[in-house]
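K.L.:
Kindly return the folded structure for what I paste below:
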Amino acid sequence: MFAIPLGDDAVLRPLEPWQAEEFAADLDRAREHIAPWVGPSFVATGVAGAREVLQRYADKQAKDDARIYGIWRDGVLVGGTLFVSVNAAAGVCEVGCWLEPAAEGRGLITRAVSHMIDWAVEVRGITRVEWVTKSANTRSRNVAKRLGMSLDGVLRQSVPADANGVRADQEVWSVLADEWRSR
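P.N.:
Residues are numbered from 1 along each chain as shown. Predicted coordinates:
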C-alpha cells in the first residue's frame, strides 16, 4: 500500500477494516476530545464497532462515495482524514478529519488534507471541495482557513439537539479547483 510522508515522523495511508483494533484504540484515546465535533456513528466503541465504521467506509469507497485514511505517527494511529462524501459526477466532495489531542499542533491535518485536495482536483476532476464544521469548532475552522478555503455560509441551528437540548450552527467552507491550483 502507499504511504504519504507528512513530516514529523508521520504518514498518511488507507485505513481499512482489518485495522479495526488500531482504530478502536485510536478512538478510545480521542473519543472525549472529538465527540463534540463528529457524528455519533463515527465514534464507535470496541473493535466490532470500529470494524463497522471502517467497513461502512470500505463499502462507500467501492461505490466511489467516500474514503478514509489514517495518520500514523511513530507507527501509532493518531487520527485521520476522510472524504465524507464524493460526488464525482457533480464535481463536489467533502473532506473531514479527527485527531488525538497528543498529535495536535503539528500541521498533520493541514498537510494530509492538502494531499487529498490535490488528488481530488487533479486526479478525480473535482471542482469544489467542501469542509463542514460546527461553528464552535475553532481548530477545524482554522484548518479550513489554512487550506485557503472561503466561508460560504452558516447553517444556523442545523445540527440536531445534543443531550442538553441545544442545537448547533454549522459552517460550510470551500475551495474551488481553480483557486486551489493558483494558491
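K.L.:
Pull out the buried residues from the host helix or strand of Trp180.
P.N.:
With the criterion set as DSSP states H and E, the secondary-structure element containing Trp180 is helix 177-181. Buried residues in helix 177-181, counted by 16 or more other Cβ atoms under 10 Å: Ala177, Trp180. Using the backbone N, CA and C atoms, a C-beta is placed for each residue, glycine as well.
K.L.:
Restrict the lengthiest helix in the chain to CA atoms and write it as PDB.
P.N.:
In the chain, taking DSSP state H as the definition, the longest helix is helix 46-62. Once side chains and other backbone atoms are set aside, the C-alpha atoms of helix 46-62 remain, and they are given as PDB (Å, rounded to 0.1, in the frame of the first residue of the first chain):
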ATOM      1  CA  GLY A  46     -14.900  -1.600  20.800                       C
ATOM      2  CA  VAL A  47     -13.300  -3.400  18.000                       C
ATOM      3  CA  ALA A  48     -16.600  -4.600  16.500                       C
ATOM      4  CA  GLY A  49     -17.900  -1.000  16.400                       C
ATOM      5  CA  ALA A  50     -14.700   0.200  14.800                       C
ATOM      6  CA  ARG A  51     -14.800  -2.500  12.200                       C
ATOM      7  CA  GLU A  52     -18.400  -1.500  11.300                       C
ATOM      8  CA  VAL A  53     -17.300   2.100  10.800                       C
ATOM      9  CA  LEU A  54     -14.300   1.100   8.600                       C
ATOM     10  CA  GLN A  55     -16.400  -1.400   6.700                       C
ATOM     11  CA  ARG A  56     -19.000   1.300   6.000                       C
ATOM     12  CA  TYR A  57     -16.200   3.500   4.500                       C
ATOM     13  CA  ALA A  58     -14.800   0.500   2.500                       C
ATOM     14  CA  ASP A  59     -18.300  -0.100   1.100                       C
ATOM     15  CA  LYS A  60     -18.700   3.600   0.200                       C
ATOM     16  CA  GLN A  61     -15.200   3.600  -1.400                       C
ATOM     17  CA  ALA A  62     -16.300   0.700  -3.500                       C
END
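K.L.:
List of residues touching it?
P.N.:
Here helix 46-62 makes contact (Cβ atoms under 8 Å, 6 or more residues apart in numbering) with 15-17, 19-21, 23-24, 27, 41-42, 44, 66-68, 82.
K.L.:
residue boundaries of the strands in this structure?
P.N.:
With DSSP state E as the definition, the chain shows strands at residue ranges 4-7, 10-14, 67-73, 76-87, 92-99, 128-134, 150-159, 168-176.
K.L.:
what about those, which gets the closest to Arg111?
P.N.:
Arg111 lies closest to strand 4-7 among the strands of the chain, at 4.7 Å (Cβ to Cβ).
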